[in-house]
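Asks: this one's structure only:
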């Protein structure tokens with residue numbers, strides 16, 4: 001049995017194509033540009049640097065709490081169906097036992113409202129990696145760090 005469940009869960013971008021992120025170190029929010037799949041201008045890295053505090057973290061460490069809650073909730077119906085199907089398969093073919101699935105069964109994972117992404121923050125283009133622009137809050141724009149290499153620069 002394949003124990004992997006894949007549920008597509010798209011996250012919204014702002015009108016300039018930026019995705020909201022949260023630094024796992026300083027917990028401040030910023031945005032990075034969301035490249036299209038296969039975009040040759042996208043840098044391939046194993047870590048990113050926070051534009052605000054300059055600290056590095058792995059590529060899968062930058063989710064906001066709202067994004068994590070949304071992605072967990074979107075998977076709820078698929079998990080419910082997986083549990084139902086697994087129990088049904090477990091009892092299928094057992095002599096003397098008739099299993100009738102309860103389609104009203106639910107683990108109680110509520111499907112969240114869709115996320116929206118406001119057009120906030122200002123664009124900062126690092127001189128070292130101009131193909132990886134970021135958006136930062138205006139009050140933090142005096143000195144920021146490159147997402148790819150961590151080099152500090154002025155906006």
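Replies: Here it is on my side, so go on. Since the structure is predicted, the reported quantities are computational estimates derived from the model, not experimental observations.
Asks: skipping its backbone neighbours, what lies nearest the residue sitting nearest the centre point of the chain in space?
Replies: Centroid-nearest residue in the chain: residue 63, 5.1 Å away (criterion: CA atoms, centre = their mean). Ranked by CB to CB, 6 or more residues apart in numbering and with sequence neighbours excluded, the top spatial neighbour of residue 63 is residue 22, at 6.8 Å. Using the backbone N, CA and C atoms, a C-beta is placed for each residue, glycine as well.
Asks: figure out the helix or strand that the residue nearest to the centre of the chain lives in.
Replies: Here residue 63 sits in a region with no helix or strand, counting by DSSP states H and E.
Asks: quick one: it from residue 90, how far?
Replies: Between residue 63 and residue 90 the computed distance is 34 Å (CB to CB, to the nearest Å).
Asks: one more: residue 53?
Replies: Applying CB to CB to residue 53 and residue 90 gives a distance of 49 Å.
Asks: any weak-confidence spans in this structure?
Replies: 1-3, 99, 101, 103, 105-107, 109 (pLDDT under 70).
Asks: which parts of the longest helix along the chain are buried?
Replies: If you go by DSSP state H, the chain has its longest helix at helix 76-91. The neighbour-count check on helix 76-91 (16 or more other CB atoms under 10 Å) flags 76, 80 as buried.
Asks: for it, the distance to its chain's centre please.
Replies: Centroid displacement of helix 76-91 relative to its chain, using CA atoms, centre = their mean, to the nearest Å, is 26 Å.
Asks: right, and the helix or strand after it?
Replies: That would be, after helix 76-91 and using DSSP H and E, strand 122-124.
Asks: and the following helix or strand past that next one, what does it pack against?
Replies: Scanning forward in sequence from strand 122-124 by DSSP H and E, the next helix or strand is strand 134-136. Packing partners of strand 134-136 (3 or more CB pairs under 8 Å, 6 or more residues apart in numbering; DSSP states H and E): strand 29-33, strand 122-124.
Asks: which helices and strands does the longest one pack with?
Replies: The one in question is strand 29-33. For strand 29-33, the packing partners by 3+ CB pairs under 8 Å, 6+ apart are strand 18-22, strand 134-136.
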